[in-house]
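Trainee: sequence first, predicted coordinates after that:
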Amino acid sequence: MMNSTITQIKAGRNVRRRKWLVVNVSLTISALLLSCAMLLLGNTIYPVGEVVRTLMGETVGGVSFAVNTIRLPRMVAGLFAGIAFGIAGNTFQTMLRNPLANPDVLGITAGSSVAALIGILVLQTSQSTVSIMSVLAGLATCALIYLFAKGKSFSVGRLILVGIGIQAMLTSMISYLLLIGTQEDLPTALRWMSGSLNGAQLDALFPLILTVLVCAPIVIVFGRHLNLLELGEQSATSLGLQTDKVRLVLILSSVAMLAIATASTGPIAFVAFLSGPIAKRLVGVGFSNVIPAGLVGANLVLAADLVGQFAFETRFPVGVITGMLGAPFLLYLLIRMNRKGSL
C-alpha cells in the first residue's frame with residue numbers, strides 16, 4: 001500500500017514536471033516568434049534573410065538603419081522589461097499571498113515613476129541617472145510601505161491598503177510634476193508615463209539588460225522558497241526557512257528589476273499584475289512560477305506592442321493595450337475575492 005502511494009505521488013509529480021517544461025518551452029518559442037515579428041514588421045516588411053544579414057553586422061541598404069536603430073532596441077526593451085515586470089509582480093503576489101499585492105497596486109511603480117519624472121522634467125539628467133534615481137525611489141517606497149503597514153503584527157491586508165494610499169499620494173505628485181514641466185519636455189514625459197517602447201536605444205538599455213541578467217537568476221534560485229513563504233510566516237519558519245533573509249533578497253532583487261524597467265520603458269500598466277496569475281493558471285501548482293511569469297510578461301509586452309502598432313489606424317503605446325487587458329481582469333479579481341470573503 002505504501003509503495004503504491006509513493007508511486008502515485010511520483011507519477012503525479014512527473015506529470016506536473018512535464019507540464020511545467022512544456023509550458024516554459026511553448027512560452028519561450030512564442031516570445032522568440034514575437035521578437036522576430038518585431039524585427040520583420042513595420043512600415044516596410046523586410047525579408048528574413050536581409051534582417052539576419054543586418055543582425056550579423058552586414059550593412060544592407062535601408063534595412064540596417066530600421067533594424068539596428070529602431071526595431072532591435074524596441075524588441076530588446078520589450079523583451080527584458082516584460083521579464084522584469086513579470087518576475088517582480090509574481091514575486092510580490094506569491095510572497096504576500098495575495099494577487100492584489102503587486103507593484104502596480106502597492107505604489108512601488110508610482111514611486112519609481114515620481115523619481116524618473118523628477119529626473120526628466122526637473123533635473124533633466126541622463127538616462128543612467130534617471131535609472132539610479134528610479135531604483136532608489138522604488139526601494140524607499142517599498143520600505144515606507146512596509147514601515148507603515150507593520151504595526152504590532154504584519155498584515156497583508158493592511159499592507160495593501162497602505163500601498164493604495166501611498167500610490168494615491170504619489171499619483172498626485174506625478175500630476176503636479178506634469179503640470180510644472182516645460183512644454184519641450186512634456187511630450188517625452190507623457191509618452192514615458194503611458195508606458196512605451198518608442199525611442200528605445202540599445203546604449204540606454206544596458207542597465208536594464210544587466211539588472212535582469214543579474215537579478216532574475218537570484219529570484220529563480222530563491223524562487224523555490226516562495227512556495228514556503230506562501231504557506232505563511234509560522235509554517236515557513238517551522239520548516240527551517242530564514243524568512244527575513246529570503247524576503248529581503250527577493251524584495252531587493254524584484255524592486256531593482258521593476259525600477260530599472262520602469263525607468264527604461266515607463267510604467268507599462270498591469271504587466272506585473274497579469275503575469276503571475278496567467279502563469280499559475282498555465283503551469284499549475286507544484287513547481288516554481290518564477291520563470292513562467294517572466295516569460296508571460298515578455299509575451300504580453302511584445303504582443304501588446306505589436307497590437308498597438310498594427311491593429312488600429314492610430315498607433316498606441318504598449319501601456320495603453322496592456323491597460324485595456326488589465327483593467328477588466330482587476331475588476332474580475334476583485335469581484336471573485338469579494339465573493340470568497342478574501343477582501
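Mentor: Right, received. Where do you want to start? Numbering: from 1, shown residues only.
Trainee: any idea how far Val114 lies from Leu106?
Mentor: To Leu106, Val114 is 14 Å away according to Cβ to Cβ, to the nearest Å. For the C-beta atoms, the positions are set from N, CA and C on the backbone; glycine is no exception.
Trainee: ok, now Val23?
Mentor: Distance from Val23 to Leu106, by Cβ to Cβ: 27 Å.
Trainee: which one of those two has more residues nearby?
Mentor: Leu106 (26 against 19; other Cβ atoms under 10 Å).
Trainee: per-residue pLDDT, the more buried one?
Mentor: Looking at Leu106, its pLDDT is 76.
Trainee: surely it and Phe92 touch.
Mentor: Yes. Assessed by Cβ atoms under 8 Å, Leu106 is found in contact with Phe92 at 7.1 Å.
Trainee: so which bits of the longest helix seen in the chain are buried?
Mentor: In the chain, assigned by DSSP state H, the helix with the most residues is helix 2-40. Going by neighbour count (16 or more other Cβ atoms under 10 Å), the buried part of helix 2-40 is Trp20, Val23, Asn24, Leu27, Ser30, Ala31, Leu34, Ser35, Ala37, Met38, Leu39, Leu40.
Trainee: quick check: the gap between Ala101 and Phe310.
Mentor: 35 Å.
Trainee: who has more neighbours, those two?
Mentor: Ala101 (19 against 11).
Trainee: now Ala298: how far from Thr262?
Mentor: 16 Å.
Trainee: still on that earlier bit, what is the nearest of the buried residues of helix 2-40 to Thr188?
Mentor: Met38 (22.2 Å; Cβ to Cβ).
Trainee: surely the closest one touches Arg74?
Mentor: Yes. Here Met38 reaches Arg74: they are 6.3 Å apart, a contact under Cβ under 8 Å.
Trainee: shared neighbours of these two, which are they?
Mentor: Residues touching both Met38 and Arg74 (Cβ atoms under 8 Å, 6 or more residues apart in numbering) are Asp305.
Trainee: give the buried residues for stretch 115-122.
Mentor: For stretch 115-122, by 16+ other Cβ under 10 Å, it's Ala115, Ala116, Leu117, Ile118, Gly119, Ile120, Leu121.
Trainee: in helices only, show me the residues you listed.
Mentor: Short answer: those in helices (DSSP H) are Ala115, Ala116, Leu117.
Trainee: format those as a markdown table; extra columns: pLDDT and distance to Gln127.
Mentor: Below are those laid out as a markdown table (pLDDT from 0 to 100; distance: Cβ to Cβ, whole Å):
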| residue | pLDDT | distance to Gln127 |
| --- | --- | --- |
| Ala115 | 86 | 13 |
| Ala116 | 82 | 10 |
| Leu117 | 85 | 14 |
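Trainee: got those as JSON lines, with distance to Val48 columns?
Mentor: Formatted as JSON lines, these follow (distance: Cβ to Cβ, whole Å):
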{"residue": "Ala115", "distance to Val48": "41"}
{"residue": "Ala116", "distance to Val48": "37"}
{"residue": "Leu117", "distance to Val48": "40"}
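Trainee: follow-up on the earlier one: widest-spaced pair of the buried residues of stretch 115-122?
Mentor: Ala115 and Leu121, at 11.3 Å, using Cβ to Cβ across those.
Trainee: need the pLDDT of Asn198.
Mentor: 83.
Trainee: circling back: and the two most separated of the buried residues of helix 2-40?
Mentor: Taking Cβ to Cβ, no two of the buried residues of helix 2-40 sit farther apart than Trp20 and Leu40, at 30.7 Å.
Trainee: now do the contacts for the residue nearest the centre of the chain.
Mentor: What sits nearest the mean C-alpha location of the chain, by Cα atoms, centre = their mean, is Phe85, with 0.7 Å. Contact analysis of Phe85 by Cβ under 8 Å, 6+ apart lists Met257, Leu258, Ala261, Ile268, Val271, Ala272, Ser275, Gly297, Val301.
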